[in-house]
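# Pasting the sequence and the predicted model now:
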Amino acid sequence: MNWKPLFLLLTTSIVIVPFDLRYKALADVRLADEMTTGPTIDYGYLSFTKPIVSVASYARSKNSKVLFAVAITTTNQMVDKNGLVVPTALLVNCETGSGRVNFMEKLPAKNQQNYLLDAMELEITKFCQMHKKLWKHSDW
């Protein structure tokens with residue numbers, strides 16, 4: 001028996017199934033629901049226009065009111081080999097103003113270390129101040 005036609009049929013099915021339109025519809029419904037409810041104190045996204053244009057998606061830790069996971073996308077982000085924009089990922093402690101970061105922006109050729117430290121500090125400060133201002137809390 002020749003297995004090539006059967007193998008071709010099976011592999012084609014496996015490739016087509018993930019791109020089925022019903023999965024796209026579910027993704028669109030979830031995105032629409034999230035956009036209508038807007039950001040909350042625990043999770044959501046914030047758009048910034050100053051000092052640079054960026055979007056920060058965030059989620060607050062269930063165990064702490066001051067710890068956040070934040071993904072930031074700017075116009076200067078790196079792009080992977082598939083053409084996808086790779087966001088900068090941060091673990092932020094708004095009480096201390098510190099964080100851990102996986103910085104994925106394109107850096108200038110000169111003074112990369114100084115630029116990186118300044119950019120990290122700016123993103124952490126910007127996020128924490130905006131969060132506190134929006135929800136008028138005294139968690140930090």
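Nice, I can see it.
# For stretch 112-132, which outside residues touch it?
For stretch 112-132, the external contacting residues (C-beta atoms under 8 Å, 6 or more residues apart in numbering) are 41, 46, 48, 51, 54, 56, 58, 68, 70, 72, 88, 90, 92, 94, 97-99, 101, 103, 105, 107-108, 139-140. Where you see a C-beta, it was placed from the backbone N, CA and C, and this is true even at glycine.
# same question for the strand or helix carrying Val55, mean pLDDT?
Here Val55 sits within strand 54-60, counting by DSSP states H and E. Average pLDDT, strand 54-60: 91.
# what's downstream of it, the next helix or strand?
For strand 54-60, the succeeding helix or strand toward the C-terminus, using DSSP H and E, is strand 67-74.
# Now do the buried residues in that next one.
By 16 or more other C-beta atoms under 10 Å, the buried positions in strand 67-74 come out as 67-68, 70-74.
# From these, pick the one nearest Lys81.
Nearest to Lys81, judged by C-beta to C-beta, of the buried residues of strand 67-74 is Thr73 at 18.0 Å.
# show me the contacts for the residue nearest to that closest one when sequence neighbours are not counted.
Leaving aside its chain neighbours, Thr73 sits nearest to Pro87 (4.6 Å; criterion: C-beta to C-beta, 6 or more residues apart in numbering). Counting by C-beta under 8 Å, 6+ apart, Pro87 touches 57, 71-73, 77, 104.
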